[in-house]
Structure formats: C-alpha cells, structure tokens
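Colleague: Could you look at this predicted model? Sequence included:
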Amino acid sequence: MFAAMPAPVNDPNHGFCRDCLTLQRDLSKRCVQCGSPRLARHPELYSLHIAHIDCDAFYASVEKRDNPDLKDKPLIIGGGKRGVVSTACYIARIHGVRSAMPMFKALEACPQAVVIPPNMEKYVRVGREVRAMMQALTPLVEPLSIDEAFLDLAGTERLHGRPPALVLAQFALDVERQIGITVSAGLSYCKFLAKVASDFRKPRGLSVIGEAEAVGFLAEQPVTLIWGVGKAFAAVLERDGIRMIGQLQKLERNELMRRYGTMGDRLFHLSRGMDQRVVHADQEAKSVSAETTFDTDLASAADLVPILRALSEKVSARLKKAGIAGRTVVLKLKTQDFKLRTRNRQLSDPTRLADRIFQTGMQLLEKETDGTKFRLIGIGVSDLSDDARADPPDLVDTQSRKRAMAEGAMDALRDKFGRHAVETGYTFGKRRNAHPPEHLDD
Ligand SMILES: [Mg+2]
C-alpha cells in the first residue's frame, strides 16, 4: 500500500497521519483518510534520523495491560511502606504523584491509588520484547535502560521503504498492537535533542526537533534540560544568575570553561544544540548488581553482613549464568537521609565468585559501619568481561581457592535442587528483611 504512494519530500505542509500513516498534503487539522487528529508535520520531518524511544510509564502500563480492572484507576508501582514510587501511571500523575517520591507522600497526594510492588522479572521480559522490535529496525540500538533506547536510523530507508519518521510511527503502532503498551518517540539530528523530544509530549508522543529551530528552542528552556545538569549544578549556575539555556548561549566557550571546567565545555556545545555523540550498538550491561531496601534502617555490621552475603550470591549467580565476570566491586549504601555512598575496589583479575565479591564488599563496608543508619545496601561488579580469565587459581591464598571450590560445589547443588537448597552460615534464615530492589522509570 505504501510503496504505491509518492515519496515524502521535505515540505512543511507535507506530513502524515500517525494512526493510518497516510501522507497529508494540506494543512487540515485531521487526517484526510481516517479523520485522526494525530498528525506529524515538520519542515525537517523526512531528513532526521536519530531517535530516542521511551515506553510510557512502563511498569504501570505493563500492569494495566495485564489487569484491565486497573485501566481507569490511579496506579503506583512501588515497594513496601518505606519504599519510593518506581512508576506512577498518568492518572496518578494528575494527582501529583511522581517517580522517586516517598510512598507515604504519594499516598497523601492520591489516597485512592492502587499500589502494586514491582515485578521486575515481568518488566525485563516485556522490555526485551520491545528491544527486539527496535533491533528489527536498525542494528544501531543503544539501550539506556530497560524501557528506552537511542536508535540511529540513517541508511535504513531502502530497507524499510520509508524514511525514519514513518518507521518510528509504524513502530509505535506495532508496539501498541503487539505488546499492548505505548511508547513516545523523539526524532532529531543528535542524541541530546532526540531524548529531549521524546519527553516532550508523553504519552504516545512523536516529537521532532530540527536543526533550524534547535538554538531558538533551547534558548527558552531551563538549564536542567542539559544532560548532566542536576539539582546541585543547577544551583551553582543559579548563583551565577543563569537559569535558562539562552543565557548560556551568550557566553563564550573559554568563559564557560574558565568558570565550570569540563562541564563548561559541555554547556557550551549542548546549549547550542551541538552534540557529536554517536549511537553505539551496545547490548552488554555495564555492571551487574543487586540491592535491597530495609523495612527499618540498619547500622550494625551484624545486620548488614548477612544481607551483603545474600546479595553477593545473587550477583554471582547472574554473572555465572551470563558467562561474564567483573573486575571492580562496587558497594552502594543509602543513608537514612537518602545520601548515596558508593565505594569501589578494583581486583587483580575479574571475578564471578560470590565469595570474592562478598569479601571485597566486606572490606569496603567495614569503613562505613560507623554508626550511620542505612536504608539500602547494594553490591555489584563493573568492568565486565567474559569469564575466560576470571578467578585464576590463587597460589598464594590457599583459603580463597578452597572457598572457590566449595562455591563450585554449592552451585552444582543449587542447579540440581534450586537456589535455596544451600545456604551459607551468613545467609541462613536471614532473608526476611529484604525488599525487591528499587527501580525508577518514567
Ligand atoms: Mg519510560
């Protein structure tokens, strides 16, 4: 059907309908074919190829898909009475509920909300289905998280028989029909603005930011739109009287670098819509970790160590399953007042052993157990590689070799009888205090 149509050309009056994909040749407000008001029009619509796709309120959308009774109710995905909001559906957002908000605040804002604990296994499964559909569009898919990715669609027009903008619109419809959730997409000439665009008209958005409008558009946006400008850095800029990106556009590169170091360089380029980063096809995880939030804050090593052990085993199990190993062990702690502490140590060789991860984590934890109360602990490894060179026999430390052998034996038993068949002295009977890990998503 589509091949028979004349090729789309760059013409401000020449858009398409996002519901039936029919080309539009005039400026009417509704599709000439199906009457839908969801029309895409932009002077650069058919020349842009960097996209950012983000699922809308992902966890909540998956739960609504699986339980239609929830469809018209405010829904919050989050864990435990001490937990935070992972995802709020759009109805809950109307009531002021936001991601990362403490649960008690969210329920103050929206007492009638239905709260469901996250089912990460399910979300990972659905996220993989969406990603597989992205990878059918282009090999250049760079995932940012479970439910969002950059795509470079340059050079795919011949494969798909249509330009990237239409490929994206078709993709959004396909995800809705085949998976039952919605996505928003942003289309631009660089990653920075593609991501900004996808966030622009959620849910079910398709937004375009072209080269011609980039500088003018950015001028009117707050500095926090710039990747890397968080609350703390925004406060620094605010002290200098800078709130809007337009103010940054008036400053020379040298001046910005003199004031803000390497960050000044980024401010200079991104404020002017200059972003040279390419889309990397990178399906590999950058780290493997596990974490848990406590029901009540914990301070003593006696309480924290068994949890650290259980988490180390979880991380190790994932590494072994994936056939990978990590060389840097990372300990993460969140204090009672939500301050994040991360500590890491590089090992001589990559590891996939629970015991090595745990022992290293213990050394890092020792320095942190100074009476501070923690609400969360996590452990993980980064610097990932395949496990070919992991954990070479350590001739010096015979103890560690014994532990490695014991761990191999335990793994074999667990494979045969299930994960809880063998518990170490550290974890025995200590599993009750833990929650599923906190995840945030928009
Ligand atoms: Mg999302």
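Modeller: On my side now, so go ahead. Bear in mind the structure is a predicted one, so any value in this text is a computation, not a measurement.

Colleague: any idea how far the closest residue to Leu256 other than its chain neighbours lies from the ion?
Modeller: Counting by C-beta to C-beta, 6 or more residues apart in numbering, Leu256 lies nearest to Gly264, which is 3.5 Å off, once chain neighbours are set aside. For glycine as for every other residue, the C-beta is placed from the backbone atoms N, C-alpha and C. Plainly put, Gly264 is 30 Å away from the ion if you go by C-beta to the ion, to the nearest Å.

Colleague: quick one: contacts for Gly264?
Modeller: Residues in contact with Gly264 (C-beta atoms under 8 Å, 6 or more residues apart in numbering) are Arg253, Glu255, Leu256, Met257, Arg258.

Colleague: do Gly326 as well
Modeller: Contact analysis of Gly326 by C-beta under 8 Å, 6+ apart lists Ser287, Val288, Leu319, Pro350, Thr351, Arg352, Gly380, Val381, Ser382, Asp383, Leu384, Ser385.

Colleague: What about those residues, which are in strands?
Modeller: Among the contacts of Gly326, the subset assigned to strands under DSSP state E consists of Ser287, Val288, Pro350, Thr351, Gly380, Val381, Ser382, Asp383, Leu384, Ser385.

Colleague: Quick check: the farthest pair among these?
Modeller: Taking C-beta to C-beta as the measure, those span a maximum distance of 14.9 Å, between Gly380 and Ser385.

Colleague: Could you count how many residues lie near Gly83?
Modeller: Under the neighbour criterion other C-beta atoms under 10 Å, Gly83 is assigned a count of 23.

Colleague: Which pair of the contacts of Gly326 spans the longest distance?
Modeller: The most widely separated members of those, counting by C-beta to C-beta, are Gly380 and Ser385 (14.9 Å).

Colleague: Neighbour count: these two, which is higher?
Modeller: Neighbour totals were compared for Gly380 and Ser385, and Gly380 leads with 25 against 14 (other C-beta under 10 Å).

Colleague: The more buried one contacts Val330, correct?
Modeller: Yes: judged on C-beta atoms under 8 Å, Gly380 makes contact with Val330 at a distance of 5.0 Å.

Colleague: one step back: compute the distance between the residue nearest to Leu256 and Met257, please.
Modeller: For Gly264, the distance to Met257 (C-beta to C-beta, to the nearest Å) stands at 4 Å.

Colleague: Repeat that for Gly83.
Modeller: Where Met257 is concerned, Gly83 sits at a distance of 41 Å (C-beta to C-beta).

Colleague: Give the buried residues for the longest helix anywhere in the chain.
Modeller: Longest helix of the chain, by residue count under DSSP state H: helix 301-322. The neighbour-count check on helix 301-322 (16 or more other C-beta atoms under 10 Å) flags 303-320 as buried.

Colleague: Kindly report the same for stretch 356-376.
Modeller: 356-362, 364-365, 368-369, 374-376.

Colleague: Pull up the residues of this protein that are close to the ion.
Modeller: Residues of the chain lying close to the ion by C-beta under 5 Å from the ion are Asp54, Cys55, Phe58, Asp147, Asp442.

Colleague: Mind checking which of those residues are in helices?
Modeller: Phe58.

Colleague: Check which residues of stretch 169-189 are buried.
Modeller: Neighbour-count burial for stretch 169-189, counted by 16+ other C-beta under 10 Å, picks out 169-173, 175, 179, 181-189.

Colleague: quick revisit: tell me which two of the buried residues of stretch 356-376 sit farthest apart.
Modeller: Based on C-beta to C-beta, the longest span within these runs between Arg356 and Arg375 and measures 26.6 Å.

Colleague: rewinding a little: which among the ones in strands among the contacts of Gly326 gets closest to the ion?
Modeller: Taking C-beta to the ion as the measure, the ion lies nearest Ser287 of these, at 20.3 Å.

Colleague: quick one: that closest one and Ile379 touch, right?
Modeller: No: using C-beta under 8 Å, Ser287 is not in contact with Ile379; the gap is 10.7 Å.

Colleague: Could you check which of those two has the larger neighbour count?
Modeller: Of the pair Ser287 and Ile379, Ile379 is the one with more neighbours under other C-beta under 10 Å, namely 32 against 13.

Colleague: Tell me the spacing between that one and Ala404.
Modeller: Distance from Ile379 to Ala404, counting by C-beta to C-beta: 18 Å.

Colleague: How about Leu256?
Modeller: Distance, Leu256 to Ala404, using C-beta to C-beta: 51 Å.

Colleague: residue contacts, Val236?
Modeller: Applying C-beta under 8 Å, 6+ apart to Val236 gives the contacts Tyr260.

Colleague: same check, this time on the one 5 residues further on
Modeller: Residues in contact with Gly241 (C-beta under 8 Å, 6+ apart) are Gln247.

Colleague: hmm, back to that, between Gly380 and Val330, what contacts are shared?
Modeller: Overlap of the contact sets of Gly380 and Val330 (by C-beta under 8 Å, 6+ apart) consists of Ser287, Ser289.

Colleague: Run a quick neighbour tally on the residue lying closest to Ala92 once chain neighbours are set aside.
Modeller: Spatial nearest neighbour of Ala92, chain neighbours left out: Pro74 (3.8 Å); criterion: C-beta to C-beta, 6+ apart. Using other C-beta under 10 Å, Pro74 is surrounded by 23 other residues.

Colleague: ok, now Asp265?
Modeller: Residues lying near Asp265 (other C-beta under 10 Å) number 13.

Colleague: That one - nearest residue in space that isn't next to it in sequence?
Modeller: Met257 (5.6 Å).

Colleague: three-state assignment of the one you found?
Modeller: The three-state label given to Met257 by DSSP: H, G, I helix; E, B strand; the rest coil is helix.

Colleague: quick one: it and His269 touch, right?
Modeller: No: applying C-beta under 8 Å, one finds Met257 not in contact with His269, separated by 11.1 Å.

Colleague: Residues touching stretch 24-32, excluding its own?
Modeller: Stretch 24-32 has contacts (C-beta under 8 Å, 6+ apart) with 13-17, 19-20, 22, 36-39, 41.
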